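Asks: Need the 3D shape of this:
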Amino acid sequence: MDILKIGGVALPAPHEYKVSLSDLDSADTGRTENGVLVRARVRGGVAKIEARWQALSTADCAAILNATAPEQFTVEYFFGQTRTAQMYAGTRTANLRAAREGRAVWEVSLDLVEF
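Replies: As a prediction, the model looks like this:
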């Protein structure tokens, strides 16, 4: 089973993986003068994925960063079952952990947010 696929391409299994679901409220949402919430939810269950990989090769690091470079992409992700969503990448970080004799070890982290 693949944890994450972007554009139909399976990514290496992440070391850390977190899915959160949020609600989106309209601009009409707010509090009254006496503090009572008036909520106008327009969409529920918007997914955000936080993923982190340790000890990646340069090729795997590049594959993850290249897959998440477009403005938007299709993501298949595991959350009890496989789900599919249009997403974009938030912050993407690649840390060089070690380099020797032309080889490198990378740590990559990123956020994927549903449209």
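
Asks: which strand is the longest one in the protein?
Replies: When every strand of the chain is counted residue by residue (DSSP state E), the longest turns out to be strand 82-100.

Asks: Which strands or helices does it pack on?
Replies: Contacting strand 82-100 under the criterion 3 or more CB pairs under 8 Å, 6 or more residues apart in numbering; DSSP states H and E are the following elements: strand 41-56, helix 58-67, strand 73-78, strand 103-114. From N, CA and C alone the C-beta is placed, and that goes for glycine too.

Asks: The shortest one pairs with which strands, and in what direction?
Replies: Pointing back at strand 73-78 there. Taking DSSP bridges as the criterion, strand 73-78 sits next to strand 4-6 (antiparallel), strand 82-100 (antiparallel) in its sheet.

Asks: and the longest one, which residues are buried?
Replies: Read it as strand 82-100. Applying a neighbour-count criterion of 16 or more other CB atoms under 10 Å, the buried positions in strand 82-100 are 85, 87, 89, 94.

Asks: Output those residues as JSON lines; include the columns distance to residue 39 and pLDDT.
Replies: Output for the buried residues of strand 82-100, formatted as JSON lines (distance: CB to CB, whole Å; pLDDT from 0 to 100):
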{"residue": "85", "distance to residue 39": "24", "pLDDT": "97"}
{"residue": "87", "distance to residue 39": "25", "pLDDT": "98"}
{"residue": "89", "distance to residue 39": "29", "pLDDT": "97"}
{"residue": "94", "distance to residue 39": "39", "pLDDT": "97"}
